[in-house]
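Q: Fold the following and give me the result.
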Amino acid sequence: MNHNRPLGLPVFRLFSALILCLSALSVSAATSSGGIASLVEQLQLHYQKTDSFTADFVETLSSPGGQPRERKGTVAYRRSGMIRWEFKDPQQPETIVADGTTLFDYDPGLNQVMEMPLASAFKTRSAAAFILGVGNLQRDFKVTVMPSAPDDGLKHLLVIPKDGGDKIELGVDTTTLNIMSLHIVDALGNATELKFSAIQRNVPLESSQFKFTPPAGADIVKSGPPSGS
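A: This is a model prediction of the structure:
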């Protein structure tokens, strides 16, 4: 079995970008056309009223010259900073849990747990600040309409962190106002895509769902906060 650690952190960062974008979209409203400004306003209101959600997802990872890798699973989110990913791939199962303070990334194949402060899981300080509830989104992000986008029935928006993080493409269902897809490409051309389905909003989620106890005998690898923090 081929294990390359960390497996799930790119998808976790992408999901954090999703949560970040839900409020950041208001940044572009003042400079967008009337139709987009209306969509942004509705989308922001939709997610301001979303305290939790669950969904199925398909994750696709691709790199220049490589074969795409696909995994499926489920995700649950509850404010603030509580997230649980379950990757159902029999070849590369994985569980990622964030309890609002600490992130645990468990690989059963290696019986290894990566443990780190939640803020350290993000590539940019602005993303970490938002998920922890201390960010200034109007200062940190810009949102524009994608100049070219797939013909998939979704409205595609581009979210650009002003502190130099990766650009995030969102696919929005304008009927339900759910974000159905995310796509991000890093400086090396590595791409991560998420597609969501079976989304359920404001469902009751127990706090115990976001607690993680390492299995007996698991190797615990702890990571501290990034340098300069």
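Q: and the gap between the closest residue to Lys49 other than its chain neighbours and Lys142?
A: Nearest in space to Lys49, with sequence neighbours left out and distances taken as Cβ to Cβ, 6 or more residues apart in numbering, is Asn202 at 7.6 Å. Just so you know, the C-beta spots here come from the backbone N, C-alpha and C atoms, and that holds for glycine as well. Relative to Lys142, Asn202 is positioned 29 Å away (Cβ to Cβ, to the nearest Å).
Q: So between the two, which is more surrounded?
A: Lys142 (14 against 10; other Cβ atoms under 10 Å).
Q: Distance-wise, check Arg78 relative to Asp51.
A: From Arg78 over to Asp51 the distance is 7 Å, taken as Cβ to Cβ.
Q: Likewise for Glu70?
A: 30 Å.
Q: same thing with Thr144?
A: Taking Cβ to Cβ, one finds Thr144 at 28 Å from Asp51.
Q: thinking the residue nearest to Lys49 is in contact with Asp51, fair?
A: Yes: taking contacts as Cβ atoms under 8 Å, Asn202 lies within contact range of Asp51: 5.7 Å.
Q: So which of Glu70 and Asp51 has more stuff around it?
A: Between Glu70 and Asp51, counted using other Cβ under 10 Å, the more crowded position is Asp51 (15 against 12).
Q: Now do the same contact list for that one.
A: 78-79, 202 (Cβ atoms under 8 Å, 6 or more residues apart in numbering).
Q: Now do the helices in the chain.
A: 9-24, 26-29, 34-48, 125-131, 137-140 (DSSP state H).
Q: Average pLDDT for the third one, rounded please.
A: The reference is to helix 34-48. Averaged over helix 34-48, pLDDT sits at 70.
Q: can you check the second one too?
A: Per-residue pLDDT values over helix 26-29 give a mean of 42.
Q: What segments of this protein are strands?
A: In the chain, the strands defined using DSSP state E lie at 52-62, 69-78, 82-87, 94-99, 102-107, 112-117, 141-145, 155-161, 168-172, 179-185, 191-201, 219-222.
Q: which strands and helices sit next to the fifth one?
A: Going back to what we said before, that points to strand 102-107. Applying 3 or more Cβ pairs under 8 Å, 6 or more residues apart in numbering; DSSP states H and E, one finds that strand 102-107 contacts helix 9-24, strand 94-99, strand 112-117.
Q: One more pass at 10 Å, please.
A: Counting contacts by 3 or more Cβ pairs under 10 Å, 6 or more residues apart in numbering; DSSP states H and E, strand 102-107 is packed against helix 9-24, strand 82-87, strand 94-99, strand 112-117, strand 219-222.
Q: Pull up the pairing partners for the third one, direction included.
A: Using DSSP bridges, the strands paired with strand 94-99 are strand 82-87 (antiparallel), strand 102-107 (antiparallel).
Q: With respect to Gly217, which of those lies nearest?
A: For these, the distance to Gly217 is smallest for strand 102-107, at 12.6 Å, taking Cβ to Cβ.
Q: tell me the average confidence for the closest one?
A: Averaged over strand 102-107, pLDDT sits at 92.
Q: mind checking how far that strand is from the chain centre?
A: Relative to the mean C-alpha coordinate of its chain, strand 102-107 is positioned 15 Å out (Cα atoms, centre = their mean, to the nearest Å).
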